[in-house]
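1. Coordinates for the following, if possible.
(chains A and B)
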Protein chains: 2
Amino acid sequence: MFKLNENYLKLPGSYLFSTIGKKVNAYSAAHPDKRIIRLGIGDVTQPLAPAIIEALHRAVDEMGHAETFHGYAPDLGYEFLRDTIAENDYRARGCDISPDEIFVSDGAKCDSSNIQEIFGLDNKIAVCDPVYPVYVDSNVMAGRTGTYDKNTETWSDVIYMPCTAANGFAPELPKETPDLIYLCFPNNPTGATVTKAQLQEWVDYANKVGAVIIYDAAYEAYISDADVPHSIYECQGAQTCAIELRSFSKNAGFTGVRLGFTVIPKELKCGDVMLHSLWARRHGTKYNGAPYIVQRAGEAVYSEAGKEQLKQQVAYYMKNASYIYNGLKEAGFTVSGGVNAPYIWLKTPGSMTSWEFFDMLLENVNVVGTPGSGFGPSGEGYFRLTAFGSYENTVEAVDRIRTLKL
Amino acid sequence: MFKLNENYLKLPGSYLFSTIGKKVNAYSAAHPDKRIIRLGIGDVTQPLAPAIIEALHRAVDEMGHAETFHGYAPDLGYEFLRDTIAENDYRARGCDISPDEIFVSDGAKCDSSNIQEIFGLDNKIAVCDPVYPVYVDSNVMAGRTGTYDKNTETWSDVIYMPCTAANGFAPELPKETPDLIYLCFPNNPTGATVTKAQLQEWVDYANKVGAVIIYDAAYEAYISDADVPHSIYECQGAQTCAIELRSFSKNAGFTGVRLGFTVIPKELKCGDVMLHSLWARRHGTKYNGAPYIVQRAGEAVYSEAGKEQLKQQVAYYMKNASYIYNGLKEAGFTVSGGVNAPYIWLKTPGSMTSWEFFDMLLENVNVVGTPGSGFGPSGEGYFRLTAFGSYENTVEAVDRIRTLKL
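-> Modelled structure (predicted):
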């Protein structure tokens, strides 16, 4: 008789955003007259930029003719895209990353959940608390996290690095030594960032203790301050300790297009074995490449027209971020994030829990956000709003929240 | 200090098609004047059908306007696609599969390698020999296959079901009881098929011993005989023992577009737990949906125009299959497959090994095929040719092979 992967059964509840989706759908079904504004899930709302639309049409046309048709893509991505990424995202910032250290994929969610696979089950992970749930859940599914304690909402074999008001929502070096460290800056969910000097401390620490940093830089396009690094490879020595995850979802609106990439420098080794080789093997065996037309769309992100149009798009969302940040601050909320990051992290009023505030917002002003506690125990009493709505909806949502008597 | 997933290091050599690619590239670099014809990897060559191109353009246009823009797709796929699949691929064939038992993905390679994840590590797998390498390699990576014996080229904890000339290249029920049984009909690599009555025996066996059949039906579009089933759910009782994997790569030329789906009936349970729930959880946590434009392209596959155009495309490739089959048979080769399947399986001449024949074909007539031994020990002495080339190249390849003095 076949047996299940029992680790799946240890997962508490369902995936955070599925739960939110179900709650919102239930409310919506019961109140069809209410216009709900969603600032919960980090999904973008602006259409793809014209340069990207043009590239997609061109690539679709190519697929319609035998001479220009493209079948299976190269395992690790087309050279035209990997070259462009290496040049624009790395060499232009002084990072020594070559095209063959870049693995094109269908997005950072897949990469961030799959990357743990190339590590043994006896590695101990460290995560921020609160944290993007995928990092932890993918490790739970693999059986790397021990047992779950319902009271503390924590796993016995996970090192949690609290991100609280006291430390500006940026983690401190853990007391217990981890093997794998998940970091995400600009941070999801808190919107916190670190300076290059602060990130350098993490790199030095990882090199010292022999840990690998899995660095999620999905939101780097929202950075405007000069001393906040866009890539971990801006730090000295990151090549021997860091894997970087990147996404096209937030800088180019690709949430429904699906494109991302992972960087694994060849210098990153365990003994003689390059992690690069293991990930290449995984790509070759368990993945079949991102669609040709999507990789051409990715290339257009780096064209002159694409860059200009996307700068506008990022500015549009950051205008939303400012509106939320300032509007809620004026209304008396304690808020952070929203600068160098598209997420606003706010303290729930009084002694309200995150889910109580979620329900209250949904029911009273029909605004959807994400409960901070869904991201980890230290997120309790906090709430995430995203800047990815339309400007009109964002303004209305904030104005509605301001009408609340709290 | 972090630790690797040591299972990766057990994998012998690199992924079969990567090895072939490297050999061909090396030959090509050394002989830039030679025109190589590739009938190795199962990649299609015909352009996307007009109905699909139109659907892609339409969807791209939608993505360019805020009112019709699509962000994150529903976890399990858009309803418009799942409804169409359920209707056309299942209900129309009398199979009781509902849309919410269908999980849309970016292709059968990912699904066939990821599906093992929802099962415990203590399940014993059974595979055909020869077999599509991904089934075994994904289990090796998970640590489910024991130790590798270089001499026999087999894993200690895998049940091999030899597919040989003696059994018409279709497996017999294994002597040792497996927990997971990988079956693929029409078969890759041998091109063998089974009748509905034969497949029913497998379903009955799986239900009896409590095994799950992972049924890869990626090539069902090539079936022309009425008694060969297109889906395992045409068999009685398959709902309680079978998962079906489907692809758009071969019926619609989506190798570079990336779309597939997996069917897990809700009746398929381990105790009280539906495998459906585990796979849904995996999709929700580790995947972010196939691109909207690609799902619209998938929908067009089932439109009236799409169906008609793709019938022609399948016929085109099957004409190639006939040409290879008949041409090589006339030339004195022992051949099978090529009927109800796009693969031709031929015996290497004399005592030549599969790789010797590969090298000989590459070097003497510049034709690339796939060595049978790359698919498993019982594939030794065999060779796979695919019908997915252009007709002109297929004819020339066969004619070149016929010039060989063997």
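2. Residue numbers of the stretch 251-400 of chain A in contact with chain B?
-> Of all the residues in the stretch 251-400 of chain A, those in contact range of chain B (CB under 8 Å from any CB of the partner chain) are A:253, A:255-258, A:270, A:273, A:275, A:278, A:281-282, A:284-294, A:390. In short, each C-beta sits where N, CA and C put it, glycine included.
3. Sitting in helices, which of those residues do you find?
-> Among those, the members found in helices (DSSP state H) are A:275, A:278, A:281, A:282, A:284, A:285, A:286, A:292, A:293, A:294.
4. Tell me if residue A:324 really is in a strand.
-> No - applying DSSP: H, G, I helix; E, B strand; the rest coil, one finds residue A:324 to be helix, outside a strand.
5. Please report how far it lies from chain B.
-> As defined by CB to the nearest CB, to the nearest Å, residue A:324 lies at a distance of 19 Å from chain B.
6. now that residue, nearest residue through space, not along the chain?
-> Taking CB to CB, 6 or more residues apart in numbering or on different chains as the measure, residue A:324 lies nearest to residue A:344, with 4.8 Å between them; neighbours along the chain are not counted.
7. Quickly run through the sheet partners of the one helix or strand residue A:161 maps to, with directions.
-> Using DSSP states H and E, the element containing residue A:161 is strand A:158-162. If you go by DSSP bridges, strand A:158-162 pairs up with strand A:125-129 (parallel).
8. Looks to me like the residue nearest to residue A:324 is in a helix.
-> No - the secondary structure assignment for residue A:344 gives strand rather than a helix, going by three-state DSSP.
9. Reformat the ones in helices among the residues of the stretch 251-400 of chain A next to chain B into TSV and put pLDDT, distance to residue A:233 and neighbour count next to each item.
-> Listed next are those as TSV, based on pLDDT from 0 to 100; distance: CB to CB, whole Å; neighbours: other CB atoms under 10 Å in any protein chain shown:
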residue	pLDDT	distance to residue A:233	neighbour count
A:275	98	15	21
A:278	97	20	22
A:281	93	23	20
A:282	96	22	23
A:284	91	24	20
A:285	93	27	24
A:286	96	26	20
A:292	98	28	23
A:293	98	29	28
A:294	98	25	27
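10. can you pull up the bridge partners for the residue nearest to residue A:324?
-> Here residue A:344, judged by DSSP bridges, has bridge partners residue A:337, residue A:385.
11. Return the per-residue confidence for it.
-> What the model reports as pLDDT for residue A:344 is 97.
12. same deal with the one 4 residues further on?
-> Model confidence at residue A:348, expressed as pLDDT, equals 97.
13. on that earlier part again, average pLDDT for the strand holding residue A:161?
-> In this model, strand A:158-162 has an average pLDDT of 98.
14. what bits of the stretch 251-400 of chain A have low per-residue confidence?
-> In the predicted model, the stretch 251-400 of chain A carries no residue with pLDDT under 70.
15. Show me where it has its strands.
-> In the stretch 251-400 of chain A, the segments counted as strands under DSSP state E, counting those that start in this stretch are A:260-263, A:269-270, A:273-274, A:335-337, A:343-347, A:367-368, A:370-371, A:382-386.
16. so residue A:365 sits right up against residue A:405, yeah?
-> No - under the criterion of CB atoms under 8 Å, residue A:365 is not in contact with residue A:405, lying 11.4 Å apart.
17. re the thing from before, just tell me which of the strands of the stretch 251-400 of chain A ends up closest to residue A:88.
-> strand A:260-263 (12.0 Å; CB to CB).
18. Give the pairing partners of that closest one; include direction for each.
-> Applying DSSP bridges, you get strand A:102-105 (antiparallel), strand A:242-247 (antiparallel) as the partners of strand A:260-263.
19. Count the residues that sit near the residue in the stretch 151-300 of chain A that chain B sits nearest to.
-> Among the residues of the stretch 151-300 of chain A, residue A:210 lies nearest to chain B; the distance is 3.4 Å by CB to the nearest CB. Residues near residue A:210, counting by other CB atoms under 10 Å in any protein chain shown, number 14.
20. Now do residue A:309 against chain B, distance only.
-> 11 Å.
21. and that residue, what does it touch?
-> Residues near residue A:309 by CB atoms under 8 Å, 6 or more residues apart in numbering or on different chains: A:49, A:50, A:51, A:52.
22. can we see that at 7 Å?
-> The contact partners of residue A:309, by CB atoms under 7 Å, 6 or more residues apart in numbering or on different chains, come to A:49, A:50, A:51.
23. ok, now residue A:94?
-> Residue A:94 sits next to residue A:234 when contact means CB under 7 Å, 6+ apart.
24. ok, residue A:209 - contacts?
-> Under the criterion of CB under 7 Å, 6+ apart, the contact partners of residue A:209 comprise residue A:177.
25. Check it and give its pLDDT.
-> pLDDT for residue A:209: 98.
26. can you check the one 10 residues further on too?
-> The per-residue pLDDT reported for residue A:219 equals 97.
27. Quick check: it touching residue A:338?
-> No - the pair residue A:219 / residue A:338 is not scored as a contact, 11.9 Å apart, by CB atoms under 7 Å.
28. Drop anything exposed from the contacts of residue A:309.
-> Neighbour-count burial (16 or more other CB atoms under 10 Å in any protein chain shown) applied to these gives A:49, A:51.
29. related to what we said a few turns ago, what about the strands paired with strand A:260-263, which gets the closest to residue A:175?
-> If you check each of the strands paired with strand A:260-263 against residue A:175 by CB to CB, strand A:242-247 wins as the nearest, at 21.4 Å.
30. Measure how far that closest one is from the centre of its chain, please.
-> Centre-to-centre, strand A:242-247 and its host chain are 10 Å apart (CA atoms, centre = their mean, to the nearest Å).
31. ok and that strand relative to helix A:275-286, angle-wise?
-> 40 degrees (axes from the mean of the first three to the mean of the last three CA atoms, to 10 degrees).
32. what is the rounded mean pLDDT of strand A:242-247?
-> Mean per-residue pLDDT for strand A:242-247: 98.
33. Keeping just the C-alphas, turn that strand into CSV.
-> Backbone C-alpha positions of strand A:242-247 (Å, rounded to 0.1, in the frame of the first residue of the first chain) are rendered in CSV as follows:
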residue,chain,number,x,y,z
ALA,A,242,24.9,33.5,-1.5
ILE,A,243,22.2,32.4,-4.0
GLU,A,244,20.1,35.3,-5.3
LEU,A,245,16.5,35.0,-6.4
ARG,A,246,15.0,37.5,-8.8
SER,A,247,11.6,38.0,-10.3
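34. contact partners of that strand?
-> Identification of contacts with strand A:242-247 by CB under 7 Å, 6+ apart yields A:107-108, A:111-112, A:115, A:203, A:212-218, A:231-233, A:260-264, A:268.
35. Point out the ones among those residues that are inside strands.
-> The strands in this structure, assigned by DSSP state E, contain A:212, A:213, A:214, A:215, A:216, A:260, A:261, A:262, A:263 from the contacts of strand A:242-247.
36. ok so, going back, using TSV, lay out the strands of the stretch 251-400 of chain A together with distance to residue A:65 and mean neighbour count.
-> Formatted as TSV, the entries for those read as follows, by distance: least, CB to CB, whole Å; neighbours: other CB atoms under 10 Å in any protein chain shown:
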stretch	distance to residue A:65	mean neighbour count
strand A:260-263	28	25
strand A:269-270	44	16
strand A:273-274	39	14
strand A:335-337	48	22
strand A:343-347	44	25
strand A:367-368	45	23
strand A:370-371	45	26
strand A:382-386	41	28
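37. Without its sequence neighbours, what residue ends up closest to the spatially most central residue of chain A?
-> Among the residues of chain A, the smallest C-alpha distance to the mean C-alpha position (CA atoms, centre = their mean) belongs to residue A:218, namely 4.9 Å. On the basis of CB to CB, 6+ apart, the spatially nearest residue to residue A:218 that is not a chain neighbour turns out to be residue A:247, at 4.0 Å.
38. What is the nearest of the contacts of residue A:309 to residue B:305?
-> Residue B:305 has its nearest neighbour among these in residue A:50, at 29.2 Å by CB to CB.
39. Thank you, goodbye.
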